[in-house]
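Visitor: I would like to see how this sequence folds:
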Amino acid sequence: MPERAPLALAIVGGLVTLKLLAHLVTNAFSPYEFHRDAFLYMAMGEHLRLFTMDFPPGIAILSQATRGLLGDSLFALRLPIALFSSALALLAALTARELGGSRFAQGLAVLAVLASPLFLRTGNLFQPVVLDQFWWTLGLFALVKLARTEEPRWWIVFGIACGLGLLSKFSMLIFGFAVFLALLVTPGRRAFLTRWPWIAAAIAVVLGSPSFIGQIRLGWPLFDQMGDLRSAQLARVSPLQFILDQPLMGLGFFKKAVEFQKRFGRDGQTVGNGLQTNGLLIDEEWCTLLRDTNFLVGLSLDGPQHVHDHYRADRGGKSTWQRVMESRKRMLDNSVEVNALTVVNEYSARFPGEIYELPPPHAVTSPLKEIIDNRDTGKLSSDEALIDRCPLEGIYA
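Guide: Numbers count the residues shown, from 1 in each chain. Below you'll find the predicted structure:
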């Protein structure tokens, strides 16, 4: 391998710091709130069952640790995600250096991560995707170091990266299998005659064991989830739709998407569109588009003001409830078809009556009715257990 260039400390350090600051400032001042997936991971962290979970528990562990140390704010919850994303950019520069990259190449590697919408997005949402990206990158870095130095200790780093990756997402299996095949068809297969790859594999299995044991104990729900995804979502995603999903989706994007639907739709074909939003940026122009193109809008509205603002205050801690209600009224006045998405959490579960009594479109009758029926018949699912303690009786009297 070529000789290593000096580390471009000023360039790399400056760009990594810039990336971290971009995430921190966005989380501190952005009008956007928690992504809905974050509520799932917070709930699973509160009800953590390390060896009986239907998905890798790493993100649930991170959620509970972050909330215990830093609190429940959006800024606090996304802080470790921003740190992982920034560390990934640093690893890109270090990998470029190990491959013989100059100072310019190291800076360019960080800049590519910094400028990529893919890495910017995953570094700003509380989801396991950025963890997956980080552990893959750390594993690749360990392999590059191993190829350069032939020091066996890098197998240990590789095993740790794979094991912690398995705690984050099952896609780490794809990475591990690809590395195995690559070694098998190259002179690197000689490594299999030593104990180090097998030690790395053992470390990965031990660290990732909660993910596998949970699958075994629950009857491999991963395959059911993949089947549901394939039949419910991926079956409706054409190559054109996938490409159209990639830009930043402002008003112009949705106008163009509807235009493409009309242009490429077949005679007699009916296309339905839906949009989930917190409503804070819905103005008259948006209402016109949503009405004229028959969008079904889901409005994030958790209940009366004290319930809604418990987790949906803005960055300054101010209420967003009134702005959401104004957006709701604006859409209804413009004849937009709108309903509500209500997140059930430990706080809102105490006030089902108040939530139910809100006027349309805050309609939660069907979900609550189903949960009541399931509780009466002893068929509560794990997803419904959160509100099993709620005083729901009497709502339908």
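Visitor: Low-confidence ranges, the stretch 101-250 of the chain, go.
Guide: When residues are selected by pLDDT under 70, those of the stretch 101-250 of the chain lie in 230-249.
Visitor: Now do the helices in it.
Guide: For the stretch 101-250 of the chain, helices defined by DSSP state H, counting those that start in this stretch occupy the ranges 103-115, 117-122, 129-149, 153-166, 172-184, 196-217, 221-232, 239-244.
Visitor: Point me to the residue sitting closest to the centre of the chain.
Guide: Q127 (2.8 Å; CA atoms, centre = their mean).
Visitor: and the nearest residue in space to I213 that is not next to it in sequence, how many neighbours?
Guide: Of all residues not flanking I213 in the chain, F51 sits nearest, at 4.6 Å (CB to CB, 6 or more residues apart in numbering). (C-beta placed from N, C-alpha, C; glycine too.) Other residues within reach of F51, judged by other CB atoms under 10 Å, total 13.
Visitor: quick one on the thing from earlier: surely the residue nearest to the centre of the chain and H35 touch.
Guide: Yes: under the criterion of CB atoms under 8 Å, Q127 makes contact with H35 at 7.1 Å.
Visitor: Give me whichever of the helices of the stretch 101-250 of the chain is most buried.
Guide: By mean neighbour count, with neighbours taken as mean count of other CB atoms under 10 Å, helix 153-166 ranks first of the helices of the stretch 101-250 of the chain at a mean of 22.
Visitor: list the helices and strands it packs on?
Guide: helix 129-149, helix 172-184, helix 196-217 (3 or more CB pairs under 8 Å, 6 or more residues apart in numbering; DSSP states H and E).
Visitor: for those helices, which one sits closest to E326?
Guide: Evaluated over the helices and strands packed on helix 153-166, closeness to E326 peaks at helix 129-149, with 33.5 Å, by CB to CB.
Visitor: still on that earlier bit, gap between the residue nearest to I213 and G214?
Guide: As judged by CB to CB, to the nearest Å, F51 and G214 stand 6 Å apart.
Visitor: Walk me through the domains of this protein.
Guide: Structurally, the chain divides into domains by automatic domain parsing as follows: 9-220, 272-387.
Visitor: a markdown table for the ones you listed, including distance to R266?
Guide: Listed next are the domains of the chain as a markdown table, based on distance: least, CB to CB, whole Å:
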| stretch | distance to R266 |
| --- | --- |
| domain 9-220 | 32 |
| domain 272-387 | 15 |
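Visitor: follow-up on the earlier one: how about the helices and strands packed on helix 153-166, which one is nearest A257?
Guide: helix 129-149 (23.6 Å).
Visitor: Can you tell me what sits against the closest one?
Guide: Contact with helix 129-149 is made by 1, 58-59, 62, 81, 84-85, 87-88, 91-92, 94-95, 98-99, 119, 122-123, 151, 154-155, 157-158, 161-162, 164-165, 168-169, 171-172, 175, 179, 188, as judged by CB atoms under 8 Å, 6 or more residues apart in numbering.
Visitor: got the angle between it and helix 103-115?
Guide: Angle of helix 129-149 versus helix 103-115, following axes from the mean of the first three to the mean of the last three CA atoms, to 10 degrees, is 160 degrees.
Visitor: Measure how far helix 129-149 is from the centre of its chain, please.
Guide: Counting by CA atoms, centre = their mean, to the nearest Å, helix 129-149 is centred 21 Å from the centre of its parent chain.
Visitor: For that helix, output the C-alpha coordinates as CSV.
Guide: As requested, the backbone C-alpha atoms of helix 129-149 are provided in CSV (Å, rounded to 0.1, in the frame of the first residue of the first chain):
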residue,chain,number,x,y,z
VAL,A,129,-29.6,4.1,10.1
VAL,A,130,-26.7,6.3,11.1
LEU,A,131,-25.5,3.7,13.6
ASP,A,132,-25.6,1.1,10.8
GLN,A,133,-23.5,3.5,8.6
PHE,A,134,-21.0,4.1,11.3
TRP,A,135,-20.4,0.5,12.2
TRP,A,136,-20.0,-0.5,8.5
THR,A,137,-17.5,2.3,8.1
LEU,A,138,-15.6,1.4,11.2
GLY,A,139,-15.5,-2.2,10.0
LEU,A,140,-14.1,-1.2,6.7
PHE,A,141,-11.5,1.1,8.4
ALA,A,142,-10.4,-1.9,10.5
LEU,A,143,-10.0,-4.0,7.3
VAL,A,144,-7.9,-1.3,5.7
LYS,A,145,-5.7,-1.0,8.7
LEU,A,146,-5.3,-4.8,8.8
ALA,A,147,-4.3,-4.8,5.1
ARG,A,148,-1.7,-2.1,5.8
THR,A,149,-0.2,-3.2,9.1
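Visitor: That helix vs helix 196-217, what angle?
Guide: Helix 129-149 and helix 196-217 are oriented at 160 degrees to each other (the same axes, to 10 degrees).
Visitor: Just tell me which of the helices of the stretch 101-250 of the chain ends up closest to A340.
Guide: Of the helices of the stretch 101-250 of the chain, the one closest to A340 (CB to CB) turns out to be helix 221-232, at 21.6 Å.
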